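Mind folding the following:
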Amino acid sequence: MTIKKRILALGLCLWGVGIVFPFAWAMGLNLGTDAWFNTWFAPWWMHVLMHAALYTVLALGLSLWLGKGRWAVVLLAVVGVGLLQEGVQVQAVGRLPGAGELIDLGNDLVGGVVGLLAAQALRGSAGRTGGTPSADHNYGES
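Numbering: from 1, shown residues only. Down below sits the predicted model:
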């Protein structure tokens, strides 16, 4: 495994831990951080945007790490991380999953598809310029 792939793998692991960590619960432990967190992340549109953005980056990174043609594996990973995240969140607040979690999973999948499209676009632009992500259009492959 090349150094670029190792760094990307480490970044993906850290990103995954960051996604799954129950930030809303942790911020709620302190009144000051809870107020700040709710000011920024409580609006529904921000919640939707953040889910999509987090999973766009996850899918983009996975797609670049795994290489071309692995879209099903990437989307399965997105769903797996999404299920884990929602499970941790409902466990942290002590309630059962509901419609909100299904909506979040839908947003996660939308983000996953956007990440796959972004990876495809990066590979395509690299092919046209003959430069990065790599000469064979497969980031990190050597």
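
Tell me which helix or strand in this protein has the weakest average pLDDT.
helix 23-27 (a mean of 78; mean pLDDT, DSSP states H and E).

Just give me how far it sits from the chain centre.
The chain centroid and the centroid of helix 23-27 are separated by 18 Å, computed with Cα atoms, centre = their mean, to the nearest Å.

For the next helix or strand after it, which residues meet the burial criterion?
Where DSSP states H and E defines the elements, the next helix or strand beyond helix 23-27 is helix 31-41. By neighbour count on 16 or more other Cβ atoms under 10 Å, the buried set for helix 31-41 is residue 37. All C-beta spots, glycine's among them, are computed from the backbone N, C-alpha and C.

What are the contacting residues of helix 31-41?
Helix 31-41 has contacts (Cβ atoms under 8 Å, 6 or more residues apart in numbering) with 23-24, 26-28, 46-47, 50.

Mind telling me the two of those farthest from one another?
26 and 46 (17.8 Å; Cβ to Cβ).

middle-most residue in the protein, spatially?
With distances taken as Cα atoms, centre = their mean, the residue of the chain nearest its centroid is residue 55 (2.6 Å).

Give me the neighbour count for the closest residue to that one other than its chain neighbours.
Nearest in space to residue 55, with sequence neighbours left out and distances taken as Cβ to Cβ, 6 or more residues apart in numbering, is residue 111 at 3.1 Å. By other Cβ atoms under 10 Å, the residues close to residue 111 number 25.

For the helix or strand containing residue 111, what is the distance to the chain centroid?
With secondary structure defined by DSSP H and E, residue 111 is part of helix 99-129. Relative to the centre of its chain, helix 99-129 is centred 9 Å away, using Cα atoms, centre = their mean.

I'm done for today, thanks for sticking with me.
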